[in-house]
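Novice: Structural data only, the sequence is not supplied:
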């Protein structure tokens, strides 16, 4: 079993407890270099990844990037909280010089240029240590998929019990941070793919307002709901990472009416990510509503976690409305999924056409229809665990974003989701909603697929609103997270609320890579 008390060489920092602030302090004092830090994490990946399958590709240039960071620091001082820090990138986000595969051999020869957010990380001095495994095609291939599995990366395991599922689709990003294979990671979400694996793996995950972080260079599902976001061991690190990721990108414009709010939020996120930028007393006087209905199917142990959350919020001075109802929330998914199928066909066809312009040495499918055919021709490998029903359903749509049927479905999904959030906020004069994020990790099952008892990501995901999950408790040794979500562009306030809760509870326990739950 790994020892999460492993001390980072030259410091007194245990791997499982190192924060960006503590790592920067060690580098500032000369106790630690980026080269030594990167080597330490590369060794952990080499030692632990055979059991976890959290990392799909290691960056062979990571050592050189770390040495360059050390040289830049020596010449001009640190460039910020990420300077010299190893970062894992989900393998549906482009990193120059490395394949961007979404877990599929169909894209194995594709090595396009850096995504905009990766260029931001490089400018901030971060070291790209590798690409994180994921649910193949970000869990948008089969109706009976098993989260965390990809043809190229195998099955990502949950660090708290290796036979348990890490949830998806940012499975490797979550498991990698939880197992201290890197201090921080970047994941992506369309509906739950950041917050659900973060909850299952006992870390912090932040899904930003759609449009706050550029989507350029990310293998798409939906131009409406897709976003990248931070996955970290603590809220302060999530704030620091978001402060780098949140930047205006001319190739990824937000809605014109939202531009001013986006810019103000970006500036506020940068301030929140600075040392001392978060408010530990943010819960005192906060007005919060508890959404209980979503987690009602869970057992008594999971319900007890929510009860403890509410008790903590009240003890910290929050005015809590318990429970609140999100109107018609159960109707969102039907319209959402109709819209997503159209958007995926449109988006993946456009993306495949875009990467064809890079002129790779190997062939890459040019359309969704060709992807489907590739999977059929390689079915023994690619379809060995589950099928491609969603691919086929998406191909059957027009893929036309001017299609009246598509537009009606997207309008209805957005209306339902935004009303579900805004109605209880207005009724009870609240600033944010609180709910358990998802059920504890299920057993990995290749016969029936994922066992999703509940998750609460839908309203914020479809409405384009921000949400952040923080470790809240454990059920039979498995983590359960709590989500704070609210109106668009409220990331700074949600970060404060989550940070205050995290500091009041200190709930996170380190995983042990146990074979199973005892």
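Specialist: Thanks, I have the structure now. None of these values were measured; they are calculated from a predicted model.
Novice: Quick test: name the residue nearest the centre of this structure.
Specialist: Nearest to the geometric centre of the chain sits residue 194, at 2.7 Å (C-alpha atoms, centre = their mean).
Novice: Might you list the low-confidence residue ranges for the stretch 151-300 of the chain?
Specialist: For the stretch 151-300 of the chain, not a single residue meets the criterion pLDDT under 70.
Novice: so where do the strands sit in it?
Specialist: With DSSP state E, counting those that start in this stretch applied, the stretch 151-300 of the chain shows strands at 154-155, 184-189, 204-207, 227-232, 287-290, listed in chain order.
Novice: contact partners of the last one?
Specialist: Residues external to strand 287-290 that are found in contact with it (C-beta atoms under 8 Å, 6 or more residues apart in numbering): 306, 310, 313, 318-324, 424-425, 428-435, 484, 497. The C-beta positions use only the backbone N, C-alpha and C, and glycine is treated the same way.
Novice: Now the buried members of those residues.
Specialist: 306, 310, 313, 318-324, 424-425, 428, 430-435, 484, 497 (16 or more other C-beta atoms under 10 Å).
Novice: Farthest from the middle of this structure: give me that residue.
Specialist: residue 75 (34.1 Å).
Novice: how far away is that residue from residue 90?
Specialist: If you measure residue 75 against residue 90 using C-beta to C-beta, to the nearest Å, the figure is 32 Å.
Novice: Compare the strands of the stretch 151-300 of the chain and give me the one nearest residue 355.
Specialist: strand 184-189 (16.8 Å; C-beta to C-beta).
Novice: what's the offset of that closest one from the middle of its chain?
Specialist: 4 Å (C-alpha atoms, centre = their mean, to the nearest Å).
Novice: Sheet-wise, list the partners of it with their directions.
Specialist: Using DSSP bridges, the strands paired with strand 184-189 are strand 86-90 (parallel), strand 227-232 (antiparallel).
Novice: okay if I get the ones you listed as JSON lines plus distance to residue 398 and mean neighbour count?
Specialist: Below are those laid out as JSON lines (distance: least, C-beta to C-beta, whole Å; neighbours: other C-beta atoms under 10 Å):
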{"stretch": "strand 86-90", "distance to residue 398": "29", "mean neighbour count": "30"}
{"stretch": "strand 227-232", "distance to residue 398": "25", "mean neighbour count": "30"}
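Novice: Compile these into TSV and extend it with columns for distance to residue 69.
Specialist: As requested, the strands paired with strand 184-189 are exported to TSV (distance: least, C-beta to C-beta, whole Å):
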stretch	distance to residue 69
strand 86-90	10
strand 227-232	19
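Novice: List the beta-bridge partners for residue 433.
Specialist: Applying DSSP bridges, one finds that residue 433 bridges with residue 289, residue 485.
Novice: That one contacts residue 291, correct?
Specialist: Yes. If you go by C-beta atoms under 8 Å, residue 433 and residue 291 touch, sitting 5.5 Å apart.
Novice: Can you pull the residues that touch both of these two?
Specialist: Common neighbours of residue 433 and residue 291 (C-beta under 8 Å, 6+ apart) are 324, 326, 424.
Novice: Please report how far the second one lies from residue 301.
Specialist: What that stands for is residue 326. Residue 326 sits 24 Å away from residue 301 when distances are taken as C-beta to C-beta.
Novice: Any idea how many residues pack against the closest residue to residue 115 other than its chain neighbours?
Specialist: Closest residue to residue 115 apart from its sequence neighbours, by C-beta to C-beta, 6 or more residues apart in numbering: residue 217 at 2.6 Å. Using other C-beta atoms under 10 Å, residue 217 has 26 other residues around it.
Novice: contacting residues for residue 217?
Specialist: 93-94, 112-118.
Novice: Mind putting these into a markdown table with pLDDT and distance to residue 397?
Specialist: Output for the contacts of residue 217, formatted as a markdown table (pLDDT from 0 to 100; distance: C-beta to C-beta, whole Å):
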| residue | pLDDT | distance to residue 397 |
| --- | --- | --- |
| 93 | 98 | 26 |
| 94 | 98 | 26 |
| 112 | 95 | 26 |
| 113 | 96 | 30 |
| 114 | 98 | 31 |
| 115 | 98 | 26 |
| 116 | 98 | 28 |
| 117 | 98 | 29 |
| 118 | 98 | 31 |
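Novice: Nearest to residue 350 among those residues?
Specialist: residue 112 (13.5 Å).
Novice: pretty sure that closest one contacts residue 356?
Specialist: No. With contact defined as C-beta under 8 Å, residue 112 does not count as touching residue 356 (10.0 Å).
Novice: So between those two, which is more surrounded?
Specialist: residue 112 (20 against 15).
Novice: if I pick the more buried one, what's in contact with it?
Specialist: Residue 112 neighbours (C-beta under 8 Å, 6+ apart): 94, 96, 100, 217, 354-355, 358.
Novice: Try it again at 7 Å.
Specialist: Residue 112 is in contact with 94, 100, 355, 358, counting by C-beta atoms under 7 Å, 6 or more residues apart in numbering.
Novice: Count the residues that sit near the closest residue to residue 273 other than its chain neighbours.
Specialist: Excluding the flanking residues, the one nearest residue 273 by C-beta to C-beta, 6+ apart is residue 243, at 3.0 Å. Per other C-beta under 10 Å, the neighbour tally for residue 243 reads 24.
Novice: give the contact list for residue 243.
Specialist: 269-270, 272-273.
Novice: what's next to stretch 51-68, contact-wise?
Specialist: By C-beta under 7 Å, 6+ apart, stretch 51-68 touches 34-35, 38, 42, 45, 49, 84, 86, 88, 91, 97-99, 127-133, 152-157, 159, 162, 172, 175-176, 179, 181, 513.
Novice: Any idea how far apart the tips of that stretch sit?
Specialist: 31 Å (C-alpha to C-alpha, to the nearest Å).
Novice: Quick check: buried residues in it?
Specialist: 52-57, 59, 62-63, 65-66, 68.
Novice: And these, which two are furthest apart?
Specialist: 53 and 68 (29.4 Å).
Novice: Point me to the helix or strand that includes residue 430.
Specialist: Per DSSP states H and E: residue 430 is located in neither a helix nor a strand.
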